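Chemist: take this sequence and fold it.
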Amino acid sequence: MKPFLITVTLVLYAAVSKSQCASSADMIPADSLIICAHTTYTLTLPGGPGVSYTWSTGETTNSININQSGKYWVSLANAVCPPVTDTVTILFNSLIQQPSVKDTLLCLNQPAPSLIAWGEKLMWYSSPTATAGSPVAPVPSTADTGMAYYYVSQTILGCESPRARLTVEVIEKPAFDLGENIVIPCGIKGVVLQTVEQKYTSYTWQNGSTAPEFLATAAGSYILKAHNICGSFADTVQTVLCNTRCVNFPNAFTPNNDGLNDTFKPGAFCPVTTYSFMIYDRFGKKVFESKHPSLGWDGKINGKKADMGTYVYYCIYDDFMLKRELLLKGTVTLIR
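Modeler: A predicted model of the protein is given here:
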């Protein structure tokens, strides 16, 4: 901040007769004066014919310039009144505290409030060295992610404080990808699941762990959830063991509506993208067909119970483990 000049004239003394002579109590009304830092303060006494001045600085004029803190005295005399002396303490206030601020976190493309600071007579600036400020708090933009800086000062007793910096950061809702379904190779403990962490975001795995990564040691579904002030996101990845075939069929079923083994369908232990399943009776007639492993045969043909016995099935599917199309052929026994 460039120094500037403050001029203050104190009506201290006017000697016209002995009855009107000043005492030391009449000289300088204030014992001390607080002046803004980085200024030059001019202390002026009224001039008059025959009045002499003697300052502690050695000057003999009715006015002196002061640019540092200290105690100053002046002795004033004329032909009528005896000399009187008074003292004033000048303090250049370089201890004006910055206003209190709190960094702000905002969400991408969401409305933003005006910035807040705590102090007296606030003035906002676009940079640490900007000459023009505004008493109106700015409203930050949320059109893009990243950081922006704002500066604010306060004025106390006419003195402006240094500028405090306020950081505004714009973030977005969590987003990540755990990747494709994973095969846990044979002979190792497991595979590490992880994602790139986002600032100000908390993560929770399906078992409650909040670590940034997770060791998957068994086949199954692993879920990672993320949350920040802008929203939440979750992703799931499926793992299978190296010696697991994706589709396996039982060799018998009992469609008697007891809730146990009532339908004939495979156990699918990993993702199946392409699937075609057909069942034939002993005469070669197709009795059932399905395009999804969750849809099985209930032991009926055209709504009627099929005969007990052995049936032949064919299943064509893309095996996640072997990364190729497989044809499975087998027999199943219908038991009532």
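Chemist: domain ranges for the protein?
Modeler: Annotated domains of the chain cover 4-93, 100-171, 182-241, 247-334 [automatic domain parsing].
Chemist: the shortest one: end-to-end distance?
Modeler: Yep, that's domain 182-241 we're talking about. Start and end residues of domain 182-241 are separated by 9 Å (Cα to Cα, to the nearest Å).
Chemist: begin at 873 from here
Modeler: Got it, the first residue is 873 from now on, which makes the last one we talked about domain 1054-1113.
Chemist: now the domains of the chain as TSV including mean pLDDT?
Modeler: Listed next are the domains of the chain as TSV, based on pLDDT from 0 to 100:
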stretch	mean pLDDT
domain 876-965	73
domain 972-1043	95
domain 1054-1113	91
domain 1119-1206	90
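Chemist: using JSON lines, lay out these together with mean neighbour count.
Modeler: For every residue, glycine as well, the C-beta is placed using N, CA and C. Shown next, in JSON lines, are the domains of the chain (neighbours: other Cβ atoms under 10 Å):
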{"stretch": "domain 876-965", "mean neighbour count": "14"}
{"stretch": "domain 972-1043", "mean neighbour count": "15"}
{"stretch": "domain 1054-1113", "mean neighbour count": "14"}
{"stretch": "domain 1119-1206", "mean neighbour count": "14"}
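Chemist: and the helices in this protein?
Modeler: All helices of the chain, identified by DSSP state H, fall at 896-899.
Chemist: for residue 1003, see how far away the nearest residue to residue 1097 once chain neighbours are set aside is.
Modeler: Closest residue in space to residue 1097, ignoring its immediate chain neighbours: residue 1106 at 4.4 Å, by Cβ to Cβ, 6 or more residues apart in numbering. Applying Cβ to Cβ, to the nearest Å, the value for residue 1106 to residue 1003 is 50 Å.
Chemist: also residue 1181?
Modeler: Taking Cβ to Cβ, one finds residue 1181 at 97 Å from residue 1003.
Chemist: repeat that for residue 1140.
Modeler: 71 Å.
Chemist: how about residue 1040?
Modeler: Distance from residue 1040 to residue 1003, by Cβ to Cβ: 22 Å.
Chemist: same question, residue 954
Modeler: On the measure of Cβ to Cβ, residue 954 and residue 1003 end up 51 Å apart.
Chemist: one more: residue 980?
Modeler: 33 Å.
Chemist: equivalent analysis for residue 1142, please.
Modeler: In terms of Cβ to Cβ, residue 1142 sits 67 Å off from residue 1003.
Chemist: likewise residue 974?
Modeler: Residue 974 is 26 Å from residue 1003, by Cβ to Cβ.
Chemist: same deal with residue 1050?
Modeler: 52 Å.
Chemist: right, and residue 923 touches residue 950 too?
Modeler: Yes - with contacts counted by Cβ atoms under 8 Å, residue 923 reaches residue 950, the gap being 4.7 Å.
Chemist: and the gap between residue 981 and residue 1103?
Modeler: Counting by Cβ to Cβ, the gap from residue 981 to residue 1103 is 12 Å.
Chemist: my error: substitute residue 1033 in the last question.
Modeler: 38 Å.
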